[in-house]
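In: Model the following, please.
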Amino acid sequence: LRGSKSFTAALAGEAERNGHGLAYKSVSVGHLEAAPLSPSRLSLGRASSTATSTVAPEQGRPRDYLVLAIFSCFCPVWPINIVALVFSIMSRNSGQQGDMDGARRLGRMARLLSIVSIVLGTIIIVLYISLSVRGNISF
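Out: Modelled structure (predicted):
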């Protein structure tokens with residue numbers, strides 16, 4: 001005769017007594033499943049329900065900052081603004097494929113590189129104009 005391989009992982013009274021876990025039902029070895037919860041126990045669980053969720057609803061597609069990246073291409077810092085344009089296009093593609101986290105991350109990087117490009121480009125243009133007005137630079 002062979003012994004049975006089924007067992008009970010936790011008794012219902014033990015789960016209530018120690019305050020941990022949920023009652024498990026008897027199953028075969030390697031297949032533990034939680035016992036179904038009553039509707040009143042569902043609200044006491046750790047998982048949040050949609051009715052009591054405090055997370056803001058999905059904002060829709062994340063921004064890709066394509067217009068800002070194109071505007072930054074007019075500044076004389078070409079390696080940075082070209083990379084910003086590439087990140088912006090990658091962000092748009094990720095958003096269209098449904099990868100919202102990747103699209104947000106790439107969009108933030110495109111925004112950062114575009115702003116850096118615009119700031120550095122403005123500094124270069126102001127320096128060029130101020131030095132050319134003073135007569136120190138002739139091109």
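In: My read is that Ile70 contacts Ala84, right?
Out: No. With contact defined as C-beta atoms under 8 Å, Ile70 does not reach Ala84; the gap is 9.4 Å. Yep, even glycine has a C-beta here, placed from its N, CA and C like the rest.
In: Which one's more surrounded, these two?
Out: Neighbour count, other C-beta atoms under 10 Å: between Ile70 and Ala84, Ala84 has more, with 29 against 14.
In: What separation do you get for the more buried one and Ile118?
Out: 9 Å (C-beta to C-beta, to the nearest Å).
In: repeat for Arg108
Out: Distance of Arg108 to Ile118, given as C-beta to C-beta: 16 Å.
In: If you count surrounding residues, which of the two has more?
Out: Neighbour tally, Arg108 and Ile118, criterion other C-beta under 10 Å: the higher count belongs to Ile118, 19 against 15.
In: residues touching the more buried one, list them.
Out: Phe71, Ser72, Cys75 (C-beta atoms under 8 Å, 6 or more residues apart in numbering).
In: so which strand or helix has the first one?
Out: Just to be clear, that refers to Phe71. helix 66-72 (DSSP states H and E).
In: Packing partners of that helix?
Out: helix 78-97, helix 100-134 (3 or more C-beta pairs under 8 Å, 6 or more residues apart in numbering; DSSP states H and E).
In: out of these, deepest packed?
Out: Counting by mean count of other C-beta atoms under 10 Å, helix 78-97 has the highest mean neighbour count of those, with a mean of 18.
In: which residues touch that one?
Out: Around helix 78-97, the neighbours that count as contacts under C-beta under 8 Å, 6+ apart are 61-62, 64-66, 68-70, 72-73, 75, 100, 102-104, 106-107, 109-110, 113-114, 116-117, 120-121.
In: give me that answer again for 10 Å
Out: With contact meaning C-beta atoms under 10 Å, 6 or more residues apart in numbering, helix 78-97 is reached by 60-75, 77, 99-118, 120-121.
In: for the record, mean pLDDT for it?
Out: What helix 78-97 shows for mean pLDDT is 96.
In: Now do that helix and helix 100-134, the angle between them.
Out: Angle between the axes of helix 78-97 and helix 100-134 is 160 degrees (criterion: axes from the mean of the first three to the mean of the last three C-alpha atoms, to 10 degrees).
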